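Trainee: All I have is the shape, not the residue letters:
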């Protein structure tokens, strides 16, 4: 007499291993904790730029401080800020874009 086993029947299946499910849940929980704690936060670098509404912003390294350049397209102005003790922002310069471009054109043509 030949004995056959049917692996598709409920009796022939091997019991499920719930260990992998717990391992993956643990890995996901660890990733959430690490991301939420800010362990891998990086300082602002020059390649960081963004646009929100009528504002375009760019950060760059200013030596000891970070520099933030903001272009307000609605008021056509450029503002330059720097950080103080990595907590506060101080306005360094505000320029109207029209006068800035006029001076740049004059310098390119050999004017003062």
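Mentor: Looks like it arrived, so ask away. Note that this is a predicted model, so its numbers are computed, not measured.
Trainee: and the helix or strand where residue 33 lies, what does it pack onto?
Mentor: Applying DSSP states H and E as the criterion places residue 33 in helix 19-37. When contacts are defined as 3 or more C-beta pairs under 8 Å, 6 or more residues apart in numbering; DSSP states H and E, helix 19-37 packs onto no helix or strand at all. C-beta: built from backbone N, CA, C; applies to glycine.
Trainee: mean confidence score for it?
Mentor: Model confidence over helix 19-37 averages 78 on the pLDDT scale.
Trainee: gap between the most centrally placed residue in the chain and residue 22?
Mentor: Central residue of the chain (C-alpha atoms, centre = their mean): residue 48, 7.3 Å from the mean position. Distance, residue 48 to residue 22, using C-beta to C-beta, to the nearest Å: 38 Å.
Trainee: ok, now residue 77?
Mentor: Taken as C-beta to C-beta, the span from residue 77 to residue 22 is 56 Å.
Trainee: ok, these two, which is more surrounded?
Mentor: Higher neighbour count among residue 77 and residue 22: residue 77, with 16 against 10, using other C-beta atoms under 10 Å.
Trainee: What residues does the more buried one make contact with?
Mentor: Contact partners of residue 77, counting by C-beta atoms under 8 Å, 6 or more residues apart in numbering, are 71, 94-97.
Trainee: The helix holding residue 33: what's the following helix or strand?
Mentor: Toward the C-terminus from helix 19-37 - assigned by DSSP H and E - lies strand 49-52.
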